[in-house]
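Novice: fold the following.
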Amino acid sequence: MDARQLPLAQPTQPERADATRNRALLLSTARALLEQNGVDNLTMDGLARAAGLGKGTVFRRFGSRTGLLLELINEIETEFQRRFLSGPPPLGPGAAPIERLVAFGRERIAILAVQGDLLRAADEGPDARFVSPPRAAGQLHISILLRQAGFDGDVDVQSFNLIATLDAALVLYENRGEQIEMRRVADGWEDLVRRVARPRS
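Specialist: Here you go, the predicted structure:
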């Protein structure tokens with residue numbers, strides 16, 4: 001099992017030129033609306049008006065508001081996967097496995113600090129969350145790094161436990177509900193990883 005086996009955030013399908021233009025326009029408009037008004041105020045009607053397209057075009061493109069949010073998330077996840085699969089170390093190849101694992105969690109938490117509300121709003125419930133391609137990719141990446149680090153426990157269980165601590169809803173609650181700074185959340189991830197992956201005596 002290696003990094004080449006990681007699932008893509010979402011397979012891409014060929015598109016007509018006009019569909020590609022509409023998609024790019026809608027996504028760039030949606031990102032602008034998110035920055036201006038926040039995810040809770042992003043609606044399909046508002047997106048159609050801001051993009052100057054018909055509401056039917058928006059629904060044909062994304063199917064629903066959740067579909068739109070998932071498309072935005074897919075862009076974020078695809079870029080994150082690219083960086084941890086082939087970007088510079090310590091997140092990408094070239095660093096020691098534990099250092100890469102620490103960097104993976106820190107980068108994920110940094111993404112959540114900016115995009116966590118988007119991930120939260122698109123959450124379709126625990127079952128969908130646990131089988132999503134981005135989560136599967138992250139969990140597989142963690143398991144690969146644990147094995148490379150020589151972890152001698154149950155890799156499948158521990159990789160599931162570790163990815164669970166990076167859940168958007170949990171991290172946002174820590175940060176907002178418990179008033180724990182994102183820096184402390186990231187430091188806690190590093191402390192956990194170094195304790196878990198430390199060779200047993």
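
Novice: give me the most central residue, this structure.
Specialist: Against the mean C-alpha coordinate of the chain, by C-alpha atoms, centre = their mean, the closest residue is residue 77 at 4.6 Å.

Novice: model confidence for it, exactly?
Specialist: Residue 77 is assigned 89 on the pLDDT scale.

Novice: following element in sequence after the lowest-mean-pLDDT helix or strand in the chain, please.
Specialist: In the chain, no helix or strand scores lower on mean pLDDT, DSSP states H and E than helix 126-130, which sits at a mean of 62. Downstream of helix 126-130, the next assigned helix or strand under DSSP states H and E is helix 133-148.

Novice: by contact count, what packs against that next one?
Specialist: Helices and strands touching helix 133-148, by 3 or more C-beta pairs under 8 Å, 6 or more residues apart in numbering; DSSP states H and E, are helix 65-86, helix 97-122, helix 155-164. Yep, even glycine has a C-beta here, placed from its N, CA and C like the rest.

Novice: go ahead and measure how far that helix is from the middle of the chain.
Specialist: Centre-to-centre, helix 133-148 and its host chain are 13 Å apart (C-alpha atoms, centre = their mean, to the nearest Å).

Novice: tabulate the CA atom coordinates of it in CSV.
Specialist: The C-alpha trace of helix 133-148 is given here as CSV (Å, rounded to 0.1, in the frame of the first residue of the first chain):
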residue,chain,number,x,y,z
PRO,A,133,-13.3,10.1,0.0
PRO,A,134,-11.3,12.9,1.6
ARG,A,135,-11.6,11.3,5.0
ALA,A,136,-10.6,7.9,3.5
ALA,A,137,-7.6,9.5,1.8
GLY,A,138,-6.5,11.1,5.0
GLN,A,139,-6.9,7.9,7.1
LEU,A,140,-5.0,5.9,4.5
HIS,A,141,-2.2,8.5,4.5
ILE,A,142,-2.0,8.3,8.3
SER,A,143,-1.9,4.5,8.3
ILE,A,144,0.9,4.6,5.7
LEU,A,145,3.0,7.0,7.8
LEU,A,146,2.3,5.0,11.0
ARG,A,147,3.7,1.8,9.3
GLN,A,148,6.7,3.7,7.9
